[in-house]
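Chemist: no letters, just coordinates:
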C-alpha cells in the first residue's frame, strides 16, 4: 500500500468519506470510543459523520445516556455507547487507575479517603437524581473533608472507573451508573480485548500494534493478544518499516475529494501514535497545525490543508488555509464549511 492508499482506507473506515451514519450512537458504536475532553468538539466529531448533521441529536444521545461521556481507555474523557460501557470499563479501569496513580498520590487520594467519599456521594445521590462537582465539594466540606478541586476531579474519575458515577442528564452533572446504564452480558478479559481490537481495526485500520496499544490504553502484550486472536481476519503489510493491520474491504473505496472540517482531538489523528505522522503534511512544521490533534484541521481529500475555528459571536466556521500547491475549489470549501454550520445551527433550532 502507498501512503495515499493508507489514508484513503482510514478515511473510509473512520466514516469520513461517506458521512453515512444515521444516529450518533451508531458513530460511537462503530468507533468503540471517541476522545471527548473538549465537549463541543466531541459532539461535532460524532455529528460530522452523520448523514444529517445535528448537534441537538448528539447532545440528546448524551443527556439520555445512550452515549456516556466518561473517563475510559486512557485518563481522559471519551464518548462510549451505553451497550459497550460495562465490558469496556471492566477491561480498561485497572489500566486507567494505574495511569492516574501519580496524580492521585500527589493530591492525597488514598483508598481509605475514596471509601469515605464514595459513601458521601452515594448518600447525596439517594436524595437527588443528578449532582455537580460543586455539590460533591460542598457535601465533603460538610463532613469536614477538605479537598482541592483537582482532588475532587480525581475522586470523580475513580468513581467513574468503579462504575459508581456516569454523566447526568445535563452537561457537567453526574448520576448513579446503575440507574442510567442497563445491565449487559459480562465478557471475559480475552473476549473484551478481542472485541476492542476488532472495533479499533475496523474503524481505524490500517494501524500498528503500538497504535492499538496507545489508543486502548492496554499493554503491548494485551494488544498483541487481540491481534493474534483475530488471526486471518486481519490483513497485514509493511510500510516505512512499520507493520500495519486492517480488515479487507471488498468494495472499491472512492477517492475523497471533499473538504472536511475535523475537530481537534478527532479520532482520525488522535487514534494513532507511531502511525499518526503519515497523515501530516510532508515538509511542514507540525506545530502549525497542532500536530493534527490540538487544532481543528481542514482536510481536502486526504491532505491537511489548513485550520479552522468557530466564531464566538456567530458560531460559524472560519477557515485559515495553508499555502498549497493546488487550489481548493471554492465550491468544495463552501460545502465543508456549510456542513459544520448546518450542524451548529440545527442544534440551536432544536434548543
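Modeler: The structure has been received and is ready for your questions. None of these values were measured; they are calculated from a predicted model. Residues are numbered from 1 along each chain as shown.

Chemist: show me where the chain has helices.
Modeler: For the chain, applying DSSP state H gives helices covering 3-13, 24-31, 39-48, 55-63, 85-107, 111-127, 133-142, 149-161, 177-180, 189-204, 209-216, 220-230, 267-270, 330-350.

Chemist: now the angle between helix 111-127 and the fifth one, please.
Modeler: In this case it means helix 85-107. Angle, helix 85-107 to helix 111-127, by axes from the mean of the first three to the mean of the last three C-alpha atoms, to 10 degrees: 130 degrees.

Chemist: next, the buried residues of helix 85-107.
Modeler: Neighbour counts over helix 85-107 (16 or more other C-beta atoms under 10 Å) mark 85-93, 95-96, 99-100, 104, 107 as buried. Backbone N, C-alpha and C define where each C-beta goes, glycine included.

Chemist: present the helices of the chain as CSV; the columns should include mean pLDDT and distance to residue 281.
Modeler: As requested, these are exported to CSV (pLDDT from 0 to 100; distance: least, C-beta to C-beta, whole Å):
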stretch, mean pLDDT, distance to residue 281
helix 3-13, 95, 11
helix 24-31, 98, 24
helix 39-48, 96, 20
helix 55-63, 96, 29
helix 85-107, 97, 31
helix 111-127, 96, 46
helix 133-142, 95, 40
helix 149-161, 97, 36
helix 177-180, 96, 42
helix 189-204, 98, 20
helix 209-216, 98, 20
helix 220-230, 98, 28
helix 267-270, 97, 12
helix 330-350, 85, 17
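
Chemist: TSV for the ones you listed, including distance to residue 295?
Modeler: What follows is the helices of the chain, written out as TSV (distance: least, C-beta to C-beta, whole Å):
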stretch	distance to residue 295
helix 3-13	19
helix 24-31	21
helix 39-48	11
helix 55-63	20
helix 85-107	25
helix 111-127	36
helix 133-142	28
helix 149-161	25
helix 177-180	33
helix 189-204	21
helix 209-216	20
helix 220-230	29
helix 267-270	10
helix 330-350	15
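
Chemist: closest to residue 314 out of these?
Modeler: Proximity to residue 314 (C-beta to C-beta) singles out helix 330-350 among these, at 9.2 Å.

Chemist: what's the angle between the closest one and helix 39-48?
Modeler: With the same axes, to 10 degrees applied, the angle from helix 330-350 to helix 39-48 works out at 110 degrees.
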